[in-house]
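**Q** Just to be clear, the model below is a prediction. Sequence and coordinates:
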Amino acid sequence: MVARLKNHDWTRNHDLITLRQRGYIPYTRRNDPTFVPKPMRITARRESREALTALSLALAANCDYNPESDYAFEVMCSFEDIARAMGVLHVYENGRKAYDVALNALSVLEQMGTRDNPYIVVKHDQDSDTGQNKAMRMWLGPRFFTSRGIALEDVRHTLHQYRQWAIKNGLSETLKQRYQRHLMNMARHGIDIVRNHALKKLLIKLRRQVVSPELLHVKESTVVDLERELAVRQGQRKPRKARPFWDAFVRWERTVAPIESNRLQAALAAEHPGLKQKDAESFYRLLLEKAGIR
């Protein structure tokens, strides 16, 4: 896969040729409603082709290949880290960071695909630190791989191998926990996609293209089995015994100092030895009476 991405000939990429014939919107003009794309020469400059290759390698190196994740091929780092991996991140003396080369290459990749068959799906949102609209989350589409001559079946095989490797090395649960931490981190920053139903629907559709039907069936069967086992266990579980005085004691104990609670318990235990072990509810009823709680 690395060789295919590294040696891809962009001058023969039909999607890039079509985009340049139609004209694309540069990153710096994406929010300009007056900009009209103009047709360009078919062959992109060498610097642009090198940027597309570097971006593709960085994205592929940092995406999630776990087929059990909710959505396939999510890039698990910030775009600033992608720019750093490309070697195009420039930090000024005042701390300002710039990576226009990477942003322009990302904009080209976004526009090369179609809505239903994208190279990359990007969720743009406002960065809480800078207030700028940035690429906050990214997912690679199947077209990202198939456009380089990688068959869809080979992509599925790669995911299967990755899953088998994780299971063999005992990393399956670790990967799940890492993915859950990533989702919680996204939610904490307000860039989850819980309410973005159109985006979720698209990502689910793309995942079904690359995750083998056998694995999907196994996962669905596992979920059904777990739900059935949970229902059985809940049916067998004994109902919780009512403990009103214990519950009242717990609520009261939160309102007083620990030393006060310990003093009353010690005094009551001295008056009624063994009562707490024989009849805990009676013990806590008397304790509440001593505390003046009726």
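**A** In hand now; what should we look at?
**Q** Quick check: what element follows the lowest-mean-pLDDT helix or strand in the chain along the chain?
**A** When each helix and strand of the chain is scored by mean pLDDT, DSSP states H and E, helix 213-236 comes last, with a mean of 58. Sequence order places helix 244-253 as the next helix or strand after helix 213-236, per DSSP states H and E.
**Q** List the buried residues of that following helix.
**A** 245, 249, 252-253 (16 or more other Cβ atoms under 10 Å). Any C-beta I mention is one placed from the backbone N, CA and C, and that applies to glycine too.
**Q** out of those residues, which one sits closest to residue 25?
**A** If you rank the buried residues of helix 244-253 by distance to residue 25 using Cβ to Cβ, residue 253 comes first, at 64.4 Å.
**Q** my read: that closest one touches residue 261, true?
**A** Yes: assessed by Cβ atoms under 8 Å, residue 253 is found in contact with residue 261 at 5.0 Å.
**Q** any idea which of the buried residues of helix 244-253 is closest to residue 194?
**A** Nearest to residue 194 among those, with distances taken as Cβ to Cβ, is residue 253, at 37.9 Å.
**Q** Neighbours of residue 156, how many?
**A** By other Cβ atoms under 10 Å, the residues close to residue 156 number 19.
**Q** Name the SS class of the closest residue to residue 66 other than its chain neighbours, please.
**A** With Cβ to Cβ, 6 or more residues apart in numbering as the criterion, residue 66 has its nearest non-adjacent residue at 5.0 Å, and that residue is residue 175. Under DSSP: H, G, I helix; E, B strand; the rest coil, the three-state class of residue 175 is helix.
**Q** Can you give me every residue that contacts the spatially most central residue of the chain?
**A** Taking Cα atoms, centre = their mean, the centroid of the chain lies closest to residue 183, which sits 3.8 Å from it. For residue 183, the contact set (Cβ atoms under 8 Å, 6 or more residues apart in numbering) comprises 70, 192.
**Q** On the pLDDT front, check it for me.
**A** On pLDDT, residue 183 comes in at 85.
**Q** tell me which residues in the helix or strand where it lies are buried?
**A** Using DSSP H and E, residue 183 falls within helix 172-188. Within helix 172-188, the residues that count as buried by 16+ other Cβ under 10 Å are 172, 175, 179, 182-183, 186.
**Q** okay if I get these as CSV plus distance to residue 98?
**A** Output for these, formatted as CSV (distance: Cβ to Cβ, whole Å):
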residue, distance to residue 98
172, 40
175, 34
179, 31
182, 26
183, 30
186, 25
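**Q** Now do the phi/psi pair for residue 126.
**A** Backbone geometry at residue 126, expressed as degrees, to the nearest 10, gives phi -80, psi 130.
**Q** does it have beta-bridge partners, and which?
**A** For residue 126, the residues forming beta bridges with it (DSSP bridges) are residue 133.
**Q** could you pull out the strands for the stretch 51-200 of the chain?
**A** All strands of the stretch 51-200 of the chain, identified by DSSP state E, counting those that start in this stretch, fall at 90-91, 97-98, 120-126, 133-140.
**Q** contacting residues around stretch 158-170?
**A** 1, 65-68, 72, 171-172, 175, 210-212, 215.
**Q** Which of those residues ranks first by neighbour count?
**A** Busiest of these [other Cβ under 10 Å] is residue 72, holding 24 neighbours.
**Q** ok, back up a step: just the buried residues of helix 244-253 now: which is nearest residue 269?
**A** The nearest one, if we look at the buried residues of helix 244-253 relative to residue 269 and count by Cβ to Cβ, is residue 249, at 13.9 Å.
**Q** Let me see the contact set for the nearest residue to that closest one once chain neighbours are set aside.
**A** Leaving out its chain neighbours, the residue that sits closest to residue 249 by Cβ to Cβ, 6+ apart is residue 284, at 4.4 Å. Taking Cβ under 8 Å, 6+ apart, we find residue 284 in contact with 245-246, 248-249.
**Q** roughly how far apart are residue 284 and residue 253?
**A** 10 Å (Cβ to Cβ, to the nearest Å).
**Q** ok, now residue 134?
**A** Counting by Cβ to Cβ, the gap from residue 134 to residue 253 is 49 Å.
**Q** can you check residue 162 too?
**A** Per Cβ to Cβ, residue 162 is found 51 Å from residue 253.
**Q** same thing with residue 76?
**A** Residue 76 is 45 Å from residue 253, by Cβ to Cβ.
**Q** Could you work out the most separated pair of the contacts of residue 284?
**A** Maximum distance among the contacts of residue 284 (Cβ to Cβ): 7.3 Å, for 246 and 248.
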